[in-house]
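Novice: This is the structure alone, sequence omitted:
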């Protein structure tokens, strides 16, 4: 199962849990399976602009982002964009 | 009497407590990582509520039923797809006339909750208001920052859309901006587009409304049908954000003017609170104990009264000041908090 790692604010909103194991074929399905999905996606279902997603250390925005395929050993890391200094 | 101040800050929610005002205890930050635009205690059940915003994770609300130990976040807060609008920020929470809770938000929208803030339904009358295309965002966004309920009538104020009144529980909204200036517009007295900064209704005289506006301080004695401009009689400037009304005396109000719309810090280089005791005919400086060389800012939610008549305000440099009923000497109750966005006061 793929592993999703959350930063501190999201982990607090997920009841203190920062590591999730999910059986999901893509990044999008993994993120939508999280209890904090409405903090990751806006009301139109779009990934919020300042959220970056790394799959095995590679920025998924440089690839297919939500359609990026996952394997059972994938590690997905959600990171707030470094912006504004 | 014990007082509890729910404080919203740029870096989370704080609870400030005192038993008689001799010493102050600070608990927090609760909800770290969230900018709390408005923090309040619902007097009906004691629950804590927060309008919470995060630059990465969007706008939400949080509720705690156990004094801040644990929190629940609102589910699926957003705007309907057909509106083509997106929720930008949550601004103000207000207990309703019955069991409901109201939420003001950006872009100029209002929500209602009937389950204590866990789910929210957008108010269609305001969302689909026929004048909406003439509204525009102020510097803080197009925020619904003031919600008032009095005598069966509901009021909202939006920057920069103006003040609206509903006499049918929020079904329809009438603009009430006659003779309120919008000096930044080609027509300085439009039907809508005024930049209200804070609107309050006096609890014991519900036909009396006050507003601190981008372009002056105003009072209405007829539920907003007409307004009288009140600055120029002792106020150093017409610009400012916070406003407080003495709950016992409808003629007493407080404002904290700022230098100008370009310079958002206290006027004349002093932290000056101005008080009127004659319904705005004249204003006097009430700043005993406050620094007379200061360039700070007090935001629109930053000034509050408690039930005993004590007055409080919080600054952008993290201090909370308090004065006894009727004014008098100000004392710095708390300092070095994060930038303060909102101050409320509950006694008990």
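Specialist: Ah, there it is. Note that the structure is a prediction, hence the values are computed from the model and not measured.
Novice: quick one: low-confidence ranges for chain B?
Specialist: Within chain B, the segments meeting pLDDT under 70 span B:348.
Novice: From the centre of it, point out the most distant residue.
Specialist: Taking CA atoms, centre = their mean as the measure, the residue most remote from the mean C-alpha position of chain B is residue B:82, 29.7 Å away.
Novice: Assign a three-state SS to it, would you?
Specialist: helix (DSSP: H, G, I helix; E, B strand; the rest coil).
Novice: List the residues that contact the residue lying closest to residue A:61 once chain neighbours are set aside.
Specialist: Nearest non-adjacent residue to residue A:61, counting by CB to CB, 6 or more residues apart in numbering or on different chains: residue A:52, 6.5 Å away. Yep, even glycine has a C-beta here, placed from its N, CA and C like the rest. Residues touching residue A:52, when contacts are defined by CB atoms under 8 Å, 6 or more residues apart in numbering or on different chains, comprise A:59-61, A:78-81.
Novice: Quick check: residue A:52 is in a strand.
Specialist: Yes - checked against three-state DSSP, residue A:52 lies within a strand.
Novice: Can you tell me who it pairs with across the strands?
Specialist: Partner residues in beta bridges with residue A:52: residue A:79, with DSSP bridges as the criterion.
Novice: Mind pulling up the pLDDT for it?
Specialist: Turning to residue A:52, the model gives it a pLDDT of 93.
Novice: ditto for residue A:85
Specialist: With respect to pLDDT, residue A:85 has a value of 55.
Novice: same deal with residue A:25?
Specialist: 96.
Novice: Show the contacting residues for it.
Specialist: A:69-70 are the contacts of residue A:25 under CB under 8 Å, 6+ apart.
Novice: And residue B:288, by the same measure?
Specialist: For residue B:288, the contacting residues are B:327-330, taking CB under 8 Å, 6+ apart as the criterion.
Novice: Among those, name the buried ones.
Specialist: Among the contacts of residue B:288, those scoring as buried are B:327, B:330 (criterion: 16 or more other CB atoms under 10 Å in any protein chain shown).
Novice: ranges for the strands of chain A?
Specialist: A:2-5, A:19-22, A:51-55, A:58-59, A:75-80 (DSSP state E).
Novice: Show me which residues of chain A sit near chain B.
Specialist: Counting by CB under 8 Å from any CB of the partner chain, the residues of chain A close to chain B are A:8-10, A:12-13, A:36, A:38-40, A:42-44, A:48, A:50-51, A:80-81, A:83-84.
Novice: let's see it at 7 Å
Specialist: Applying the criterion CB under 7 Å from any CB of the partner chain, the portion of chain A that neighbours chain B consists of A:8-10, A:13, A:38-39, A:42-44, A:48, A:50-51, A:80-81.
Novice: The residue of chain A found nearest chain B: neighbour count?
Specialist: Residue of chain A nearest chain B, by CB to the nearest CB: residue A:43 (2.6 Å). Close neighbours of residue A:43, defined as other CB atoms under 10 Å in any protein chain shown, add up to 17.
Novice: How about the residue in the stretch 1-150 of chain B positioned nearest to chain A: what's its closest non-neighbour residue?
Specialist: Ranked by CB to the nearest CB, the top residue of the stretch 1-150 of chain B for proximity to chain A is residue B:78, at 2.6 Å. The spatially closest residue to residue B:78, leaving aside those adjacent along the chain, is residue A:43, at 2.6 Å (CB to CB, 6+ apart).
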